[in-house]
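**Q** show me how the following folds:
(one chain, ligands or ions: 1)
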Amino acid sequence: MPELPDVEGFRRRAEAVVGGTVETARVFDARLLADGLTANALDAALAGHRLTETRRHGKHLFLPLSDNGVLVLHFGMSGALATVAGNTPLPPHTRVAVDCADRPALAVISRRLLGGVAVAASAEAWIDAHGLGPDPLDAAFDRATFKARLGGRRGQVKAALMDQGLAAGIGNIFADEILFRAGVHPRCRADRLDDAALDRLYDAVRAALEAAIEAGAGQDDAFPATMPAGSLLPHRVEGGTCPVCGTPLTTLKAAGRTAWLCPRCQPAP
Ligand SMILES: [Zn+2]
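**A** Have a look, this model is predicted:
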């Protein structure tokens, strides 16, 4: 579930621990540790090091450590990040907690034990090793490159948008939002989109993600009701209607997931 805007919300929360020196990393369920990492190794990698900044790329959150690589957090289907002050109990389903001196604790929450906690040499090394494409909110997310790469895909456009190698951070929910804003049906073949549709998609990627961050994704429990008028996301429920034309929304399977769409605003190919 957490996609780029949600992880950006988590990143902003994690700012509260920046500058703190890690005392311990507590692992309550080692199944959340990725790449063979053990609880002892995680604690050894973090303890005594200062968390110097927060950085997000796509759906990944990186917390660089003074002189010792980077803590990598990925939130899978049901993960979240909370900061917990003082003696407040940790939230339910906290799998890993990072305690810093003079800072709130960082609680990595995962109900379904997907996602992962890892350590890497650097954010760049992790991004390269995992073949992640540019983050759509970075300057490196270039219009011409995106259009050429998307327009060169022979599969369905929704699957291409969710491919983390094309652009990192878009999942099922924001792919639907982007396609809705661009007026593109999720089963259109990417290589049959015309230039105007590719332009609308590029614009919609940034607009949808930025609107969701602005609306408090990952931070505000009222999200997605806080999305601006005309957004698909709050209507993406049983009985929902198109916020533009009022047509009942429909669902279908695309890219192995349930897609929500307006059959009038997003005509079938
Ligand atoms: Zn519509």
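**Q** wait, Leu106 sits on Cys100?
**A** Yes. Taking Cβ atoms under 8 Å as the definition, Leu106 is a contact partner of Cys100 at 7.4 Å. All C-beta spots, glycine's among them, are computed from the backbone N, C-alpha and C.
**Q** which of these two has more residues huddled nearby?
**A** Leu106 (27 against 21; other Cβ atoms under 10 Å).
**Q** what pairs with that one across the strands?
**A** Going by DSSP bridges, Leu106 is paired in beta bridges with Thr83, Val98.
**Q** ok, back up a step: intersection of neighbour lists for Leu106 and Cys100?
**A** Common neighbours of Leu106 and Cys100 are listed as Val17 (criterion: Cβ atoms under 8 Å, 6 or more residues apart in numbering).
**Q** let me know the outermost residue of this structure.
**A** For the chain, the C-alpha farthest from the mean C-alpha position belongs to Asn87; by Cα atoms, centre = their mean, that distance is 29.7 Å.
**Q** tell me how far it lies from the ion.
**A** 51 Å (Cβ to the ion, to the nearest Å).
**Q** let me know the helix or strand that that residue is in.
**A** Assigned by DSSP states H and E, Asn87 belongs to no helix or strand.
**Q** quick one: it and Ala105, what's the gap?
**A** Relative to Ala105, Asn87 is positioned 10 Å away (Cβ to Cβ, to the nearest Å).
**Q** residues contacting the residue lying closest to Ala268 once chain neighbours are set aside?
**A** Leaving aside its sequence neighbours, Ala268 sits nearest to His185 (Cβ to Cβ, 6 or more residues apart in numbering; 5.3 Å). Contacts of His185 were listed using Cβ under 8 Å, 6+ apart, and they are Val157, Leu179, Leu261, Gln266, Pro267, Ala268, Pro269.
**Q** farthest-separated two in these?
**A** Spatial extent of the contacts of His185 (Cβ to Cβ) is set by the pair Val157 and Pro267 at 13.3 Å.
**Q** give me the more crowded residue out of those two.
**A** Val157 (30 against 12).
**Q** touching, that one and Asp191? I think so.
**A** No. Using Cβ under 8 Å, Val157 is not in contact with Asp191; the gap is 9.3 Å.
**Q** got a pLDDT number for the closest residue to Gly240 other than its chain neighbours?
**A** Leaving aside its sequence neighbours, Gly240 sits nearest to Leu249 (Cβ to Cβ, 6+ apart; 4.7 Å). At Leu249, the pLDDT value in this model is 98.
**Q** Ala118 belongs to a helix?
**A** No. Going by DSSP: H, G, I helix; E, B strand; the rest coil, the assignment for Ala118 is strand, not a helix.
**Q** that one contacts Ala41, correct?
**A** No. With contact defined as Cβ under 8 Å, Ala118 and Ala41 do not form a contacting pair (10.4 Å).
**Q** now do the SS call for Ala211.
**A** Assigned with three-state DSSP, Ala211 falls in the helix class.
**Q** from Arg143, how far off is the residue lying closest to it once chain neighbours are set aside?
**A** Nearest non-adjacent residue to Ala211, counting by Cβ to Cβ, 6+ apart: Pro228, 5.6 Å away. Distance of Pro228 to Arg143, computed by Cβ to Cβ: 23 Å.
**Q** likewise Gly169?
**A** Counting by Cβ to Cβ - Gly169 and Arg143 are separated by 17 Å.
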